[in-house]
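[1] missing the sequence, but the structure's below:
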């Protein structure tokens, strides 16, 4: 079986965030990491996923990535 | 006379061209077949070409980032799938999101995890993050849904470490620094990690441990199961293989594992003295005595006895009701009689009981 890993390249990141209506919120420092509650910036953004009708964003600290890995395992994302 | 020389020159020129043409064609054909059989190597070639082309145009950065990552992960997957059967995932594809098709509503309703990959200048960081995401998401997916958190985390860490250990030292260092160090403070995780390491040294991490966890995942997937029993059995399985890994040469240890979910036996074939004295007879008799509820047999021996191991099995497979699943040759670090490390070229033949319900169809 072939699995896919969805990804966005830095060249398309701003356009994607604009389409998802979270670019301005990120620029204004209004978005926090789902796991560490750290403020998300264009520099530290690691991943995005939907959950219960909202868009969750994860920062790139090792702590957040480890939590995301465990979350992927538990929730079968 | 002049005419003859001209003719000789002409022939020489013609032959040279023909040879060059033949060599080029054969080389291209050889490369074509090689890349057809090893697509992950072709991905690495594309990554290498794009790495240079990205200095000319920025457009090639995306190609480099994608194929470099894909090539590395698929190279690992190929190595694992050559040593373990029935894996859920055998190949991975990094797919760039089509931004023009994204809307907030659609993403909230049907979206999937999107990983941000930085430009190629940060490729080490990309590799570490994508490897972690891939291993968590895809490696032993079925089994990991039912095993304990510390078993799952230690398995992910070990698999990721194994994936990255062939890469540049900076990549492995970053992984160890960012992800392994903290986790290894957890006694249960570090204990399991060290046991996996010993099991891997004797060459049975993928062909026996991961294989048995794959079978376990197939059995319990979408069936009634007892989580506590599964956690206990996985711990017993790891301890059993750890004891096997630390077995000294010629030392007798328990060779059968009879759990609720994992039922297998390891048989070591054969000592040269026994082969020369008794031939196949002793080993065939041992195989015939295998418990009826056993599901898998791992026949392990020195690579020089590969032919003998296959003959032993082929000459009793109908009687014992087993079929070949896979075989593999590998370098193992075993313990000699004094407990010192000894590197040997080993061979494993995995055979499966014909009467088992088919949990997986190709």
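    Structure's in. What do you need? Everything numeric here is computed off the predicted structure, so don't read it as measured data. Numbers count the residues shown, from 1 in each chain, chains lettered A, B, ... in the order given.
[2] does the residue nearest to residue B:219 when sequence neighbours are not counted count as helix, strand or coil?
    Spatial nearest neighbour of residue B:219, excluding adjacent residues (CB to CB, 6 or more residues apart in numbering or on different chains): residue B:261 at 5.5 Å. The way it works is simple: take the backbone N, C-alpha and C, and place the C-beta from them, glycine included. Secondary structure for residue B:261, judged by DSSP: H, G, I helix; E, B strand; the rest coil, is coil.
[3] Tell me, what's the model's pLDDT at residue B:176?
    Residue B:176 carries a pLDDT value of 90.
[4] meant to ask about residue B:361
    pLDDT recorded at residue B:361 is 46.
[5] what does chain A put close to chain B?
    A:1-13, A:15-16, A:19-21, A:45-50, A:53-55, A:60, A:62, A:65-66, A:68-70, A:72-73, A:76-77 (CB under 8 Å from any CB of the partner chain).
[6] And the next helix or strand past the worst-scoring helix or strand of chain B on mean pLDDT?
    Taking mean pLDDT, DSSP states H and E as the measure, chain B has helix B:2-37 as its least confident helix or strand, at a mean of 69. The helix or strand immediately downstream of helix B:2-37 is helix B:39-53, counting by DSSP states H and E.
[7] Could I get the buried residue list for that following helix?
    Residues B:40, B:42, B:43, B:44, B:46, B:47, B:50, B:51 are the ones in helix B:39-53 that count as buried (16 or more other CB atoms under 10 Å in any protein chain shown).
[8] What of stretch A:11-20?
    Buried residues in stretch A:11-20 (16+ other CB under 10 Å): A:12, A:13, A:16, A:17, A:19, A:20.
[9] So the last one sits against residue B:105, correct?
    No - at 9.8 Å, residue A:20 does not count as touching residue B:105 under the criterion of CB atoms under 8 Å.
[10] list the contacts for residue B:282?
    With contacts defined as CB atoms under 8 Å, 6 or more residues apart in numbering or on different chains, residue B:282 is in contact with B:270, B:274.
[11] What's the PyMOL line that selects buried ones from the residues of chain A next to chain B?
    The buried residues among the residues of chain A next to chain B can be selected in PyMOL (16+ other CB under 10 Å) with this line:
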select buried, chain A and resi 3+5+6+7+8+9+10+12+13+16+19+20+45+46+47+48+49+50+55+60+62+65+66+68+69+70+72+73+77
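[12] From the residues of chain A next to chain B, which land in helices?
    Those of the residues of chain A next to chain B mapping onto helices are A:10-13, A:15-16, A:19, A:62, A:65-66, A:68-70, A:72-73, per DSSP state H.
[13] Start and end of stretch B:287-304, how far apart?
    End-to-end distance for stretch B:287-304, by CA to CA, to the nearest Å: 20 Å.
[14] meant to ask about stretch B:265-276, not that
    24 Å.
[15] got the buried residues for that stretch?
    B:265, B:266, B:267, B:268, B:269, B:270, B:271, B:275.
[16] Of those residues, which belong to strands?
    B:265, B:266, B:267, B:268 (DSSP state E).
[17] ok now do the third one, which residues does it touch?
    Residue B:267 makes contact with B:255, B:283, B:286, B:287, B:297, B:298, B:299, B:300, according to CB under 8 Å, 6+ apart.
[18] ok, now how distant is it from residue B:316?
    For residue B:267, the distance to residue B:316 (CB to CB, to the nearest Å) stands at 12 Å.
[19] got any residues that touch both of these two?
    residue B:287.
[20] How far does stretch A:17-26 stretch from one end to the other?
    Terminal residues of stretch A:17-26 lie 9 Å apart, using CA to CA.
[21] Any idea what residue B:330 is bridged to?
    Bridge pairing for residue B:330 (DSSP bridges) gives the partners residue B:346.
[22] Now for it: which residues touch it?
    Residue B:330 neighbours (CB under 8 Å, 6+ apart): B:83, B:203, B:207, B:345, B:346, B:348.
[23] center of chain B - which residue?
    Central residue of chain B (CA atoms, centre = their mean): residue B:80, 1.2 Å from the mean position.
[24] Can you tell me the closest non-neighbouring residue to that one?
    Spatial nearest neighbour of residue B:80, chain neighbours left out: residue B:206 (5.7 Å); criterion: CB to CB, 6+ apart.
[25] I'd like to know how many residues surround the residue in the stretch 151-300 of chain B that chain A sits nearest to.
    Using CB to the nearest CB, the closest approach of the stretch 151-300 of chain B to chain A is made by residue B:178 at 3.9 Å. By other CB atoms under 10 Å in any protein chain shown, the residues close to residue B:178 number 19.
[26] residues contacting it?
    A:62, A:65, B:128.
[27] mind putting the residues you listed in a markdown table, pLDDT and distance to residue A:37 included?
    Output for the contacts of residue B:178, formatted as a markdown table (pLDDT from 0 to 100; distance: CB to CB, whole Å):
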| residue | pLDDT | distance to residue A:37 |
| --- | --- | --- |
| A:62 | 83 | 15 |
| A:65 | 87 | 15 |
| B:128 | 91 | 23 |
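[28] measure the residue nearest to residue B:80 to residue B:310 for me?
    The value you get for residue B:206 to residue B:310, if CB to CB is used, is 21 Å.
[29] Could you do residue B:231 as well?
    For residue B:231, the distance to residue B:310 - CB to CB - is 37 Å.
[30] same thing with residue B:283?
    Here residue B:283 is placed at a distance of 12 Å from residue B:310 (CB to CB).
[31] Who has more neighbours out of the two?
    Taking neighbours as other CB under 10 Å, residue B:283 and residue B:310 compare with residue B:283 leading, 25 against 16.
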